[in-house]
Each structure stands twice: as C-alpha cells, then as structure tokens.
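Visitor: sequence unavailable; structure follows:
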DNA sequence: ATATAAAATGACCGTTAGTCATAAAGTGAC
DNA sequence: GTCACTTTATGACTAACGGTCATTTTATAT
C-alpha cells in the first residue's frame, strides 16, 4: 500500500527533524540544561508530540549518539575503499576516529553519555540502543578486517589473534582519542600545558609505539618513516 | 584557637558523613534517580543542610569522584614503596588501576561523569574540582616517575620523552580499563562474547604489545616471560 | 458526507533541585 | 546563670521540568 509506505517515510522524516532540533538544543546547552519544551519549539512541534516518536529525553539523546555512530562508521567504510596494506589501514582507522572526534566533539560526548549508562537492562529495551550496539560491533569489525588484511599481505605479525588484537587496538586508540578530546574541551588543559605535552602528536607517537609491536620486520621501517613523514603534514 | 580548629574538624567530618550518604544512595540508584532528600535522610540531616556543605547535587557527586581519586592515588603510591625496576612499575601501575576499577566500578563511574562535564568553566569555580584536577596530575606523575626510574635503571628505552610517553601510556591504559569496566557493567557484552574475546587477559596482552616498544632489549625478555608467567593465555 | 483511525496538542500532574525565613544550638562576656 | 550575638540547621515553599492523557485536529476510507 502506497499510503503506508508514505506514512513510514513521513514518520522517519519527522524523527529526523526532531533529532535535528534535539542536536541544536542539546549540543548548545548540554543534556541537563536542555528541555523538552525547547526542543519541541525548535522542531516546531508540541512537547507531547516528541513523546510519540521517542520514549523520553534519554532515548532522544541516544538517537543522537546513534546518528553520530552512523557517520563515524561511514567514515570508516571509506578507508577501505582505497588500496592499502593492512598496517596502513590500522593507522587510517585511528586517524579517522581522531579527526571525527575533533570535528564532532558533541557526537563524541553523546557516545560517552551512552557508554556511561550503567543500567544496561533499560538500554536493551530500546531499539535505538540496539542499533548503537550494532554500530559499535561494526566499527570493531573494521579493525578486525584491517588486521586480517595485514596478516594476509604480510604487514602485520600473524602470531596475534586478530580479534583479540583488534579490541586492544580499539580500546587503546579510544583512550588516546578521549584524551585528545578532553584537552580540546578544556580538561587536563593546564596540566598538559605545564608538562609541555604535545597532544597533536599523541596519536602519531602512540602509533609508533604499538607499531613496533604489531608490524612485521619488513613493514616496521616503512611504518616508522611513514609516521615521521606524515607528522609534519598530519595536523590541519 | 581550639574552638576554630574543632569547628573545622567537625565541618570536615560532617562533609564526610554527607559524602558517605551520597555514595550509598547514588551508587545504588545512579545520579539521576538519587534525590537530595534521600541523601539527606541517609545522612540524618535535613535537605537544606546539604546545601550548606555542597553547592549542589553535582558538586556532591564530584566530591565522590574526588574521594575515589584519593583512594586510587593512595594505591599508586604504594606501588613505589617496594623495590622495583621502572618497567615493573609501569606494569604495576596499570594493574593497580585495573583492579581499582574492578573493585570500585562506582568510583570509576564517578570519574567518567566528572570527565564528561564539558562546562569546564563551571568546574573551575569549585574547589573540589580543583582537587580532582590535582589528583589527576599526581596520578600522571606516578607514570612519569616510573618511566624516569626505568630510564635510569636501563629497563626502558630512554629515547622517549618520559612525559610524552607517560601520557600515551596513561591514555591507552585508561582505554583498556574503560573497556574492561564496560564489559563488567554489561556494555559490549554480547559482542565480546560472540567474538570470543578474553577481556581478562586484555591488559596482559596490551602490556606485551607496548612492552616491545618501550622496553630495552635486555628488559624485553624479562617483560615477556613475566607476562606469560602471570597469564595462562598466549596468542593462538 | 460520514465514520473511523491516526496524529498532534497543551493543560495538567507529580516530583525534585534549590532557596530562604525561621528556629535551634553554640559561644563569649559579664 | 543570663543575655546578646553568631553559627548552624530546618523544612515549607517555589519554580521548573519530565512525562501523561483527555481532547482536538487531521487524514483516510466508505
């Protein structure tokens, strides 16, 4: 039936309009200060209507996080479009992550919010949260794939279990990213400044460090020079 | 003046009583569900009194985070009491962190909350938040010290800048810790389970990985065997 | 034109963070 | 012990917000 289809589309569209509005308000004022009334006004809807599309304010914010993770995965997928060795892919995934967070700190903040929800049972009731979960899995899978490719093309030491290594790389990369984000937002600022730490080259240095561990002998030289080569042109 | 002193002590004591109560309530129900009234009742005080000791609910939660970071730093300091090489210290700091988070997930959650506050200006007005900042700096300094010790005793490659390396290790270790914590709390659970990833050996594997990068030739063998000694799981 | 279903509204309710006028307790002087 | 004064504690009160639901508006089918 055409009408059903159209209604479904319209519903999805309206959802997006609401998320747009929610982003505007929440990104500007923060989750706690943002009110449903204001979001409703921004979306040119009444407050009650929001609740026809989202269970509550929480779910609305999770929907924003989901949108962010869609974007991010989209970026990841592009990395694989080119013709790269496995170890290059690893580097690029991290770089992609990092620049995503730099360019979209508010989405990253939404990620953090989502991941800091302890009441996972509550989460599981939400379809949107399920999608977030799927997206996370997909992201991690990109890492696994990159490693597998690297083990095939001989750029990554194949003594590792790719899955296990992927989660290590993913977690630690995320740690680096979080630090970089916090610096950007103002946390740690004074401290990092006083210690004269260069956050800009944090990821590059991190890569060089782990590169020694995961790259094969042959790929290692390439890796290091690659790092030094990129260092000058990487930020921007 | 004796009375002034006593009053100061009493005020501090009352603060602690309130934090005790807040921990009980907030750890049980989560920040959002916890109410000031309930915390007041738990502390056997009236609601208004809480506000004589803490600016608002937020600051109360930050006070909890501060207490947690006091504990954590206390643990870190103990690591340096024994007679260890630099590279051993690095390992131990991470292990300390990890087991702290395992044993005190609620404090870690408070850390996350604190660090996800974007309005850093608002934070700077709070004396408690300042102390949190100091504690973070102290924690990072432990890492720096461990590296310096390692460079002295020849267990850590002294081509690195200890500060820069410290922040890398700190950030990535924190990423690993966060992942481990999330698994514990239920996030990622299904995914990690399906991928048959062993979170228990995550840190050990991570150490082995970076160990190759930071340890000197001589220390490396020690490092790896040490790892195998401590953990039954080894790569495929 | 009418009946029915779907979508939207906003007044309303319960709850809670935070305030403040008032009360109680503590202190010091005499 | 009493009085004047300061510090600390109280809880009723307010404003604001998340979320609900009876009612209205709009769309669809007959």
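Guide: Cool, got the structure. Predicted, not measured: the structure shown is a model, and the values here were computed from it.
Visitor: quick one: low-confidence parts of chain A?
Guide: A:1, A:221-236 (pLDDT under 70).
Visitor: what segments of it are helices?
Guide: If DSSP state H is used as the criterion, the helices of chain A fall at A:2-29, A:36-42, A:47-53, A:57-79, A:86-103, A:105-115, A:120-124, A:127-153, A:162-185, A:189-194, A:202-214, A:217-234.
Visitor: flag every buried residue along the shortest one.
Guide: Within helix A:120-124, the residues scored as buried using 16 or more other Cβ atoms under 10 Å in any protein chain shown are residue A:123. For every residue, glycine as well, the C-beta is placed using N, CA and C.
Visitor: cool, the second one as well?
Guide: Neighbour counts using 16+ other Cβ under 10 Å place A:36, A:38-40, A:42 of helix A:36-42 among the buried residues.
Visitor: now for residue A:49: which residues touch it?
Guide: Contact analysis of residue A:49 by Cβ atoms under 8 Å, 6 or more residues apart in numbering or on different chains lists residue A:40.
Visitor: that one and residue A:40, how far apart?
Guide: To residue A:40, residue A:49 is 7 Å away according to Cβ to Cβ, to the nearest Å.
Visitor: residue A:152 now?
Guide: Applying Cβ to Cβ to residue A:152 and residue A:40 gives a distance of 53 Å.
Visitor: and the residue of chain A nearest chain B?
Guide: residue A:175 (2.3 Å; Cβ to the nearest Cβ).
Visitor: name the nearest residue to that residue, sequence neighbours excluded.
Guide: Computed as Cβ to Cβ, 6 or more residues apart in numbering or on different chains, the closest residue to residue A:175 that is not its neighbour in sequence is residue B:175, at 2.3 Å.
Visitor: neighbours of residue A:7, how many?
Guide: Look at residue A:7: counted by other Cβ atoms under 10 Å in any protein chain shown, it has 11 neighbours.
Visitor: pretty sure residue A:136 is touching residue B:188, no?
Guide: Yes. Under the criterion of Cβ atoms under 8 Å, residue A:136 makes contact with residue B:188 at 6.8 Å.
Visitor: tell me, what's touching those two both at once?
Guide: Shared contacts of residue A:136 and residue B:188 (Cβ under 8 Å, 6+ apart): none.
Visitor: who has more neighbours, the two?
Guide: residue B:188 (23 against 20).
Visitor: how close does the nearest residue to that one once chain neighbours are set aside sit to residue A:25?
Guide: Distances taken as Cβ to Cβ, 6+ apart place residue B:182 nearest to residue B:188, at 5.4 Å, with adjacent residues excluded. For residue B:182, the distance to residue A:25 (Cβ to Cβ) stands at 28 Å.
Visitor: do the same with residue A:171
Guide: Counting by Cβ to Cβ - residue A:171 and residue A:25 are separated by 32 Å.
Visitor: same check on residue A:51?
Guide: 16 Å.
Visitor: between the two, who's got more neighbours?
Guide: residue A:25 (23 against 15).
Visitor: so the more buried one touches residue A:32, yeah?
Guide: No. Contact criterion Cβ under 8 Å: residue A:25 and residue A:32 do not qualify, at 11.8 Å.
Visitor: what sits against the closest residue to DNA strand C within chain A?
Guide: Closest contact between chain A and DNA strand C, by Cβ to the nearest atom of the strand, is at residue A:48 (1.9 Å). For residue A:48, no contacting residues are found, by Cβ under 8 Å, 6+ apart.
Visitor: residue numbers of chain A in contact with DNA strand D?
Guide: Proximity of chain A to DNA strand D (Cβ under 7 Å from any atom of the strand) is limited to residues A:1, A:3, A:6-7, A:34-37, A:47-48, A:51, A:56-58.
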